[in-house]
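> here you go, sequence then predicted model.
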Amino acid sequence: MKEWQYKFIEFTLKKQIIKFGNFTLKSGRKSPYFFDIGSLSNGYDLSKLGCFYAQALIDSGIKIDVLFGLAYKGIPIVTAMSIILARNHNIKIPFCFNRKEIKGYGEGGVLIGSNLYGKVMLIDDVITTGITIYESIKIINSYEANLTSILIALDREEHKFTKTNDIKGIENDYQCKIISIISLSNLIEYLKKEPNMSNNLKHIYSYQDKYGT
Ligand SMILES: O=P(O)(O)OC[C@H]1O[C@H](OP(=O)(O)OP(=O)(O)O)[C@H](O)[C@@H]1O
Ligand SMILES: O=C(O)c1cc(=O)[nH]c(=O)[nH]1
């Protein structure tokens, strides 16, 4: 693990982005941990989050035309990341995000910000089953745009409902590179060295047995 990934885990634990308990996921899976970006509630923490995402993009060396934040949590992420890229790294990449419901008046439509065109990097918080990513590809493909990369904070490293919607499936089907700031393996590696984590780890291991890749 790189030092900034360690720092990211420290940040997520300190800010209680990573929570332990009983959580129902979008897929219906019952998880003993939850990654909750929505618990960040001030500009300072959000700008720190933006720094980690910007770092991951720069480290990847991937070239893109537009950043696309997926509603809802991808919206503050892509906004914070874009500000950090401009302010700290002098990198100006257009960004946009979607509405979950189509707006039928005023400017209308589903997109806010830049048009979707060329090589698109999708920005979100986590991938669990990958189903949400498959749904978002439909939005991207309805423009003259291609999904060429995905950047998330946490890859939960779970197997998916069907063979076609796992991470490797997305990468192969769409020639699309997926990068994550951390993976569940990174998190486990960190938690193993922390005191009082053995019970949480026990629950994570049995969850992994059921849903892990
Ligand atoms: O890989 P999957 O099984 O599809 O699950 C992961 C998705 O679940 C959450 O979406 P949700 O629509 O709940 O996000 P929101 O809180 O940002 O609206 C999360 O933000 C991911 O996009
Ligand atoms: O799969 C999900 O719904 C999910 C998992 C997670 O860790 N965090 C989140 O916001 N959603």
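Ah, there it is. Numbers count the residues shown, from 1 in each chain. Ligands and ions are numbered 1, 2, ... in the order given.
> quick one: name the residues of this structure near ligand 2.
Selection of the chain residues close to ligand 2 by C-beta under 6 Å from any ligand atom yields 25-27, 34-36, 125-126, 128. Using the backbone N, CA and C atoms, a C-beta is placed for each residue, glycine as well.
> intersect the residues you listed with the contacts of ligand 1.
Restricting those to those near ligand 1 by C-beta under 6 Å from any ligand atom leaves 26-27, 125-126, 128.
> list the contacts for residue 94?
65-67, 113-115 (C-beta atoms under 8 Å, 6 or more residues apart in numbering).
> what's the PyMOL line that selects buried ones from these?
Those of the contacts of residue 94 that count as buried under 16 or more other C-beta atoms under 10 Å are selected in PyMOL with:
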select buried, resi 65+66+67+113+114
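> need the ones next to ligand 1 among the residues of the chain next to ligand 2 in CSV with pLDDT and secondary structure, can you?
Formatted as CSV, these follow (pLDDT from 0 to 100; DSSP: H, G, I helix; E, B strand; the rest coil):
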residue, pLDDT, secondary structure
26, 95, coil
27, 93, coil
125, 98, coil
126, 97, strand
128, 93, coil
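> show me which pair in the residues you listed is furthest apart.
Within these, 27 and 125 form the most distant pair, 14.6 Å apart (C-beta to C-beta).
> coming back round to it: PyMOL command for the buried members of the ones next to ligand 1 among the residues of the chain next to ligand 2?
Buried residues among those (16+ other C-beta under 10 Å), as a PyMOL selection:
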select buried, resi 125+126+128
